[in-house]
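1. give me a 3D structure for the following:
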Amino acid sequence: MTIIRHCDVDTLIEAEPARRIVMLYDEAIAAIRIAGMAATSGDIEGRCNAVTAAMEIVGFLYVTLDTDLGGEVAVNLGSIYAHIMAQLPRVNVYNDTDTAERLVAMLEPLRDSWNELAGLTGLVSMSNAELRAAV
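-> Numbers count the residues shown, from 1 in each chain. Predicted structure coming up:
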């Protein structure tokens with residue numbers, strides 16, 4: 001899998017799990033935006049590469065879902081990821097920038113939620129002294 005080329009490997013490995021998810025969302029959103037810009041400018045290779053990158057990242061998010069642990073939330077995320085993967089080819093085949101914008105609009109609130117969770121996770125892992133200093 002080539003997902004590693006889209007993220008800084010060292011940062012990804014060292015990050016807490018929720019932060020890793022945020023990084024993957026950031027990369028997926030960036031790839032979809034690049035695909036939309038490439039579609040607008042007629043850059044076929046750039047569009048194809050960006051859509052492929054977005055498919056790999058969203059596909060990775062999809063296959064790593066744990067519905068036993070995540071329950072209904074994981075099932076709902078799976079539906080969203082499946083929809084995104086089904087729609088991404090439209091950006092590539094039809095130069096559909098509207099679809100690209102809609103997909104980014106679907107991912108951004110999810111990214112923001114994971115980012116908020118990552119911040120809370122960071123607080124949980126802080127020592128009492130660090131928590132007092134942060135307040």
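2. tell me which residues of the helix or strand hosting Ile80 come out buried.
-> Taking DSSP states H and E as the definition, Ile80 sits inside helix 67-94. The neighbour-count check on helix 67-94 (16 or more other Cβ atoms under 10 Å) flags 77-78, 80-81, 84-85, 87-88, 90-92 as buried. Every C-beta, even on glycine, is put in place using the N, C-alpha and C of the backbone.
3. of those, closest to Asn115?
-> Using Cβ to Cβ, the shortest approach to Asn115 within those belongs to Leu77, at 15.2 Å.
4. quick check: what element follows the helix holding Ile80 along the chain?
-> Next along the chain after helix 67-94, taking DSSP H and E as the criterion, comes helix 97-124.
5. give me the helices and strands touching that following helix, please.
-> With contacts defined as 3 or more Cβ pairs under 8 Å, 6 or more residues apart in numbering; DSSP states H and E, helix 97-124 has these neighbours: helix 17-41, helix 67-94.
6. could you redo the last one with a cut-off of 10 Å?
-> Packing contacts for helix 97-124, counted by 3 or more Cβ pairs under 10 Å, 6 or more residues apart in numbering; DSSP states H and E, involve helix 17-41, helix 44-63, helix 67-94, helix 128-134.
7. still on that earlier bit, quick one: the helix holding Ile80 to chain centroid distance?
-> Taking the mean C-alpha point of helix 67-94 and that of its whole chain, the gap between them comes to 11 Å (Cα atoms, centre = their mean, to the nearest Å).
8. on that earlier part again, for the helices and strands packed on helix 97-124, please prepare JSON lines with the additional fields mean pLDDT and distance to Ala100.
-> What follows is these, written out as JSON lines (pLDDT from 0 to 100; distance: least, Cβ to Cβ, whole Å):
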{"stretch": "helix 17-41", "mean pLDDT": "94", "distance to Ala100": "3"}
{"stretch": "helix 44-63", "mean pLDDT": "97", "distance to Ala100": "9"}
{"stretch": "helix 67-94", "mean pLDDT": "96", "distance to Ala100": "5"}
{"stretch": "helix 128-134", "mean pLDDT": "48", "distance to Ala100": "38"}
